[in-house]
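Student: here's my sequence, what's the structure:
(chains A and B)
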Amino acid sequence: MSLANDTFGPSAVSGFASDHVDLTEAKILVVDDSPLIRELIGACLAADDYKNISYAGDGIEALEHIEKDMPDLIILDLEMPRMDGFEVCRRLREDPKTINIPILIQSGRDTAADITRAFDYGASDMVVKPVKKFEILARTKVHLQKRILLQKLISYHNRVANELEQAKRLQLDICPSPDDLERYREDYGVDICWHYEPSSELGGDMGGVFPISKTKFAFFIADFSGHGVAAALNTFRLQTWLKAASDLYEAPGTLLAELNNFLNQNLPRGSYATMLFAVLDLKTEMLTYAAAGCQPPLVQHPEKGTDFNPVTSRGMPLGLRANWTYDSRHVPFAKGAKFLLYSDALVEVPTGPDQMLGDDGLQQEASQVWSEGPSLRGGMNSLIENYNKRLDGLTESPDDLTVILLENTNERPKAK
Amino acid sequence: MQTNIRTDNNELQIVLSDRLTFEDHEAFRDVIMAIKKNEQATCSIDLASLTAIDSAGLGMLMIAFETSEKVNKPFKIKRANGQVKRLLEISEFEKVMTIEN
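Tutor: Below you'll find the predicted structure:
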């Protein structure tokens, strides 16, 4: 495969400027107190086939017209009775609705002071009287083109922003809801805290929980390499694959091996996902997991005190190498045991100049937080609060954040 | 990312410094091309001065390895440290390629 076909390939961006734009439908307002000049400018514009030309005799009339019917361009005289062109400029630039309308000044006043003042008040351009047809047509065309391209760009931007917002909501829908988590607590006696915060852009973090039987359920955390739309779309691809792979939930190592081959065939070369997939058996009180290069989870065994300790998450990230194998590893998970899973963002926050929290820092912090005996939710909230404090004052927008914390409460009121 | 590519002792030596991130994907083509056209017997990537790497950077190192693998040239990554070393370890790269200290 050539390098051009992988993640690092060039992106195709279509040019707005190449689109044909019909300017003759543009609405132009000509403002001058002299009927003769208005007619003269109107005739110039008609020569270039402009069809929607309106007129106003002074500033007040102009503002009234603009209020009713927003033009695409204003050709404005400076010296007029009732309200002059400077004041019209100033008012239009104060109003967000008219702040971007191109204003082409035509005036007999051509001193440096006049020109400077007109631009200071917000004029886009200036032609000096007597009006020359070629000049007014050329400048009209330039400003209309700019205006229309800008409008297209703004509407494109708004549409994309809107779509990204919808996509972000879809990503949030993949996460288990508070109701789902409450059901897991009732059905399995496992308390689960789930925190997912998508970045301002779309991201590649995801996680989920699947029931298997009355005493077993599976859960996972995954993070696709890269950012943005492509990474986000891959999270949906993974979700679909996992839904169809329920026969593998009890064998995390096999599941990752098969998922690795699927992603290896379907992701661009060099792209991958880190992941941890686990199954929890409440009957044997054993947590079995397989990992592919994600952050090392932290485990707390209450009989050993309140300290959290890491368990290994070593493994080839999914999709990088075909036919890779993944070990299933076991962690005893008796009453009171806790398991903390998290994405990179939680530890990739600064704690000082050139210093990140890091895995070790998080381990110490979690141990410290739980030494004060908080509830599961209280401890989780402390970790998130500390994270947010560390983000304060950072200019870079943070990555997606996922934090999942489970505790075996060993209380199953609904046991049948 | 800054690159320094030289040959010595029948080895293509690539030195990467600063940070290896998504923004370097265009510049990394030169590294891939150098490995592809490599007439030396072996290839090494020195990461002693690489201070940070992101997920895209890790993918690039794998592509560099696979490019070398395709032309049957022994390939090694050496002197990674700090966060770079940690990410290589957690991703089990040593099971695929030679990682030297």
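
Student: which element is residue 63 on?
Tutor: With no chain named, the answer covers chain A. helix A:59-68 (DSSP states H and E).

Student: you answered for a different chain; I wanted chain B.
Tutor: Per DSSP H and E: residue B:63 is located in helix B:55-70.

Student: again with residue A:405
Tutor: strand A:401-408.

Student: please apply the same query to residue B:33.
Tutor: For residue B:33, the element it lies in under DSSP H and E is helix B:28-36.

Student: which positions in the stretch 201-350 of chain A make contact with chain B?
Tutor: When proximity is defined as Cβ under 8 Å from any Cβ of the partner chain, the stretch 201-350 of chain A approaches chain B at A:223, A:225-227, A:269-272, A:274, A:293, A:296, A:313-317, A:320-321. In short, each C-beta sits where N, CA and C put it, glycine included.

Student: please repeat the previous calculation with a cut-off of 6 Å.
Tutor: Within reach of chain B by Cβ under 6 Å from any Cβ of the partner chain, the stretch 201-350 of chain A has these residues: A:225, A:226, A:269, A:270, A:293, A:314, A:315, A:316, A:317, A:320.

Student: what sits against the first one?
Tutor: For residue A:225, the set of contacting residues under the criterion of Cβ atoms under 6 Å, 6 or more residues apart in numbering or on different chains consists of A:271, A:272, B:55, B:59.

Student: skipping its backbone neighbours, what lies nearest the third one in space?
Tutor: By that I understand residue B:55. The shortest distance from residue B:55 to any non-neighbouring residue, by Cβ to Cβ, 6 or more residues apart in numbering or on different chains, is to residue A:225 (3.5 Å).

Student: quickly list what the spatially most central residue of chain B is bridged to.
Tutor: Centroid-nearest residue in chain B: residue B:45, 4.1 Å away (criterion: Cα atoms, centre = their mean). Using DSSP bridges, the beta-bridge partners of residue B:45 come out as residue B:14, residue B:77.

Student: local confidence estimate at it?
Tutor: Residue B:45 is assigned a predicted lDDT (pLDDT) of 96.

Student: any idea how far chain A is from it?
Tutor: Note on residue B:45: its distance to chain A, by Cβ to the nearest Cβ, to the nearest Å, is 15 Å.

Student: hmm, that residue is touching residue B:14, no?
Tutor: Yes - between residue B:45 and residue B:14 there is a contact at 4.8 Å, judged by Cβ atoms under 6 Å.

Student: and stretch A:130-149, C-alpha only, in PDB?
Tutor: The C-alpha coordinates for stretch A:130-149 follow below in PDB (Å, rounded to 0.1, in the frame of the first residue of the first chain):
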ATOM      1  CA  PRO A 130     -17.100  62.200 -11.000                       C
ATOM      2  CA  VAL A 131     -18.300  58.700 -11.200                       C
ATOM      3  CA  LYS A 132     -16.500  56.600 -13.700                       C
ATOM      4  CA  LYS A 133     -18.500  53.700 -15.100                       C
ATOM      5  CA  PHE A 134     -15.600  51.100 -15.300                       C
ATOM      6  CA  GLU A 135     -14.400  51.900 -11.800                       C
ATOM      7  CA  ILE A 136     -17.700  51.700 -10.100                       C
ATOM      8  CA  LEU A 137     -18.600  48.400 -11.900                       C
ATOM      9  CA  ALA A 138     -15.200  46.900 -11.100                       C
ATOM     10  CA  ARG A 139     -15.400  47.800  -7.400                       C
ATOM     11  CA  THR A 140     -19.000  46.700  -7.200                       C
ATOM     12  CA  LYS A 141     -18.100  43.300  -8.600                       C
ATOM     13  CA  VAL A 142     -15.200  42.800  -6.300                       C
ATOM     14  CA  HIS A 143     -17.200  43.600  -3.200                       C
ATOM     15  CA  LEU A 144     -20.200  41.500  -4.200                       C
ATOM     16  CA  GLN A 145     -18.000  38.500  -4.900                       C
ATOM     17  CA  LYS A 146     -16.300  38.800  -1.600                       C
ATOM     18  CA  ARG A 147     -19.700  39.200   0.200                       C
ATOM     19  CA  ILE A 148     -21.200  36.200  -1.500                       C
ATOM     20  CA  LEU A 149     -18.200  34.000  -0.900                       C
END
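
Student: let me see the residues that make contact with that stretch.
Tutor: Contacts for stretch A:130-149 (Cβ under 6 Å, 6+ apart): A:16, A:21, A:23, A:26, A:40, A:44, A:48, A:72-73, A:102, A:104, A:124-125, A:127.

Student: save those residues as a markdown table, and put in secondary structure, neighbour count and pLDDT too.
Tutor: Shown next, in a markdown table, are those (DSSP: H, G, I helix; E, B strand; the rest coil; neighbours: other Cβ atoms under 10 Å in any protein chain shown; pLDDT from 0 to 100):
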| residue | secondary structure | neighbour count | pLDDT |
| --- | --- | --- | --- |
| A:16 | coil | 13 | 47 |
| A:21 | coil | 14 | 71 |
| A:23 | helix | 17 | 89 |
| A:26 | coil | 22 | 92 |
| A:40 | helix | 17 | 94 |
| A:44 | helix | 21 | 94 |
| A:48 | coil | 14 | 92 |
| A:72 | coil | 19 | 94 |
| A:73 | strand | 25 | 96 |
| A:102 | coil | 22 | 95 |
| A:104 | strand | 22 | 96 |
| A:124 | coil | 21 | 94 |
| A:125 | strand | 16 | 94 |
| A:127 | strand | 19 | 91 |
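
Student: which outside residues touch stretch A:331-345?
Tutor: Against stretch A:331-345 from outside (Cβ under 6 Å, 6+ apart): A:205, A:221, A:223, A:285, A:287, A:295, A:297-302, A:311, A:398-399, A:401-408, A:410.

Student: show me which of these are buried.
Tutor: A:205, A:221, A:223, A:287, A:295, A:297-301, A:311, A:398-399, A:401-408 (16 or more other Cβ atoms under 10 Å in any protein chain shown).

Student: centroid-nearest residue for chain A?
Tutor: Nearest residue to the geometric centre of chain A (Cα atoms, centre = their mean): residue A:201, 1.9 Å.

Student: which elements pack onto whichever strand or helix holds residue A:87?
Tutor: In the assignment (DSSP H and E), residue A:87 maps to helix A:85-94. On a contact count with 3 or more Cβ pairs under 6 Å, 6 or more residues apart in numbering or on different chains; DSSP states H and E, helix A:85-94 meets helix A:59-68.

Student: touching, residue A:380 and residue A:193? I think so.
Tutor: Yes - counting by Cβ under 6 Å, residue A:193 is a contact partner of residue A:380 at 4.3 Å.

Student: related to what we said a few turns ago, touching chain A at all, the helix holding residue B:33?
Tutor: Yes - on the criterion Cβ under 6 Å from any Cβ, helix B:28-36 is in touch with chain A at B:29, B:32.

Student: what pairs with the strand or helix carrying residue A:221, parallel or antiparallel?
Tutor: Per DSSP H and E, residue A:221 falls inside strand A:216-224. Strand pairing for strand A:216-224, determined by DSSP bridges: strand A:205-211 (antiparallel), strand A:273-281 (antiparallel).

Student: weakest of those strands by average pLDDT?
Tutor: strand A:205-211 (a mean of 93).

Student: run the chain-centre distance for that one.
Tutor: In terms of Cα atoms, centre = their mean, to the nearest Å, the centre of strand A:205-211 is set 21 Å apart from its chain centre.

Student: next, the angle strand A:401-408 makes with that strand.
Tutor: 30 degrees (axes from the mean of the first three to the mean of the last three Cα atoms, to 10 degrees).

Student: where does the chain have low pLDDT?
Tutor: In the absence of a named chain, chain A is used. A:1-20, A:397, A:412-416 (pLDDT under 70).

Student: break it into its domains for me.
Tutor: A:23-161, A:175-408 (automatic domain parsing).

Student: still on that earlier bit, so which of the strands paired with strand A:216-224 gets nearest residue A:253?
Tutor: In terms of Cβ to Cβ, the element of these nearest to residue A:253 is strand A:273-281, at 8.9 Å.

Student: what packs against whichever helix or strand comes after the closest one?
Tutor: Using DSSP H and E, the helix or strand that follows strand A:273-281 towards the C-terminus is strand A:286-292. Strand A:286-292 sits against helix A:252-266, strand A:273-281, strand A:329-332, with contacts defined as 3+ Cβ pairs under 6 Å, 6+ apart.
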